[in-house]
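> got a sequence here, can you build the structure:
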Amino acid sequence: MSLPSCELPGLSARLDKLCYHNGGVSLPADKPHAFVYFITLRNASDRTVKLLARKWVLEHEDGSRAVLEGDGIVGETPRLAPGEAFSYNSYHVTGSSAVAHGAFHGVDAYGNKIHVILPPFAMKVPEGQIQENRTGDCP
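Model prediction:
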C-alpha cells in the first residue's frame, strides 16, 4: 500500500508572471488562446527534495474540466537543497477563459512522499480578443 504524500512546510510554489497570446493561425481553431506562465518552486524547508511529477486541473468557464499530469517538470526532475529554487515557464492552450490549479509531487531526503500546491490562478481571455496579441511583460 502506498503512503499518502504530505505538504512539506517551507516548500512553496509561486506564479511569477502570466502572459496571454492569441495564436492566430499558430494554434488550433478550437484552442486559440495561449497562456504562458512563469513559476518558481522554492525550498525553504530543512531538507533536500526531488520533484518528480506535476498535475494541473483546468476548470473552463463552460464548466468542463481537464486534468493534465505527467512525470517531470518541463522534462526535468529538479533536486532542491534547502535555500534553493527552480524556475521555469510553460503554457496552457484553451478555447475560453479558465482557472488553473497546480501541484508538484516528489520525495524528500528521507524518502517521504511530498507535494506542494500552486495557488489557483485565472487565465482570462481579454474582451474582444480576435487578433494576435500579447499582454504582460512577455516575449
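
> could you measure from the most centrally placed residue in the chain over to Ile117?
By C-alpha atoms, centre = their mean, the mean C-alpha position of the chain lies nearest to Gly102, the distance being 5.1 Å. If you measure Gly102 against Ile117 using C-beta to C-beta, to the nearest Å, the figure is 7 Å. C-beta coordinates here come from the backbone N, C-alpha and C atoms, glycine included.

> intersection of neighbour lists for those two?
Common neighbours of Gly102 and Ile117 (criterion: C-beta atoms under 8 Å, 6 or more residues apart in numbering): Ala13.

> wait, what's in contact with Leu52?
71-72, 77, 105-107.

> ok, 7 Å please
Leu52 sits next to 71, 77, 105-107 when contact means C-beta atoms under 7 Å, 6 or more residues apart in numbering.

> could you dump those to a markdown table with distance to Pro32, neighbour count and secondary structure?
As requested, the contacts of Leu52 are exported to a markdown table (distance: C-beta to C-beta, whole Å; neighbours: other C-beta atoms under 10 Å; DSSP: H, G, I helix; E, B strand; the rest coil):
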| residue | distance to Pro32 | neighbour count | secondary structure |
| --- | --- | --- | --- |
| Asp71 | 29 | 10 | strand |
| Thr77 | 32 | 12 | coil |
| His105 | 31 | 17 | strand |
| Gly106 | 34 | 24 | strand |
| Val107 | 39 | 15 | strand |
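
> how about the strands in this structure?
6-7, 11-22, 33-43, 49-60, 65-71, 79-80, 85-94, 98-108, 113-123, 134-135 (DSSP state E).

> can you list those in CSV and add mean pLDDT?
Conversion of the strands of the chain to CSV gives the following (pLDDT from 0 to 100):
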stretch, mean pLDDT
strand 6-7, 95
strand 11-22, 95
strand 33-43, 97
strand 49-60, 97
strand 65-71, 96
strand 79-80, 98
strand 85-94, 95
strand 98-108, 97
strand 113-123, 97
strand 134-135, 44
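
> hey, what's Lys55 bridged with?
The residues paired with Lys55 through beta bridges, assigned by DSSP bridges, are Glu69, Ala103.
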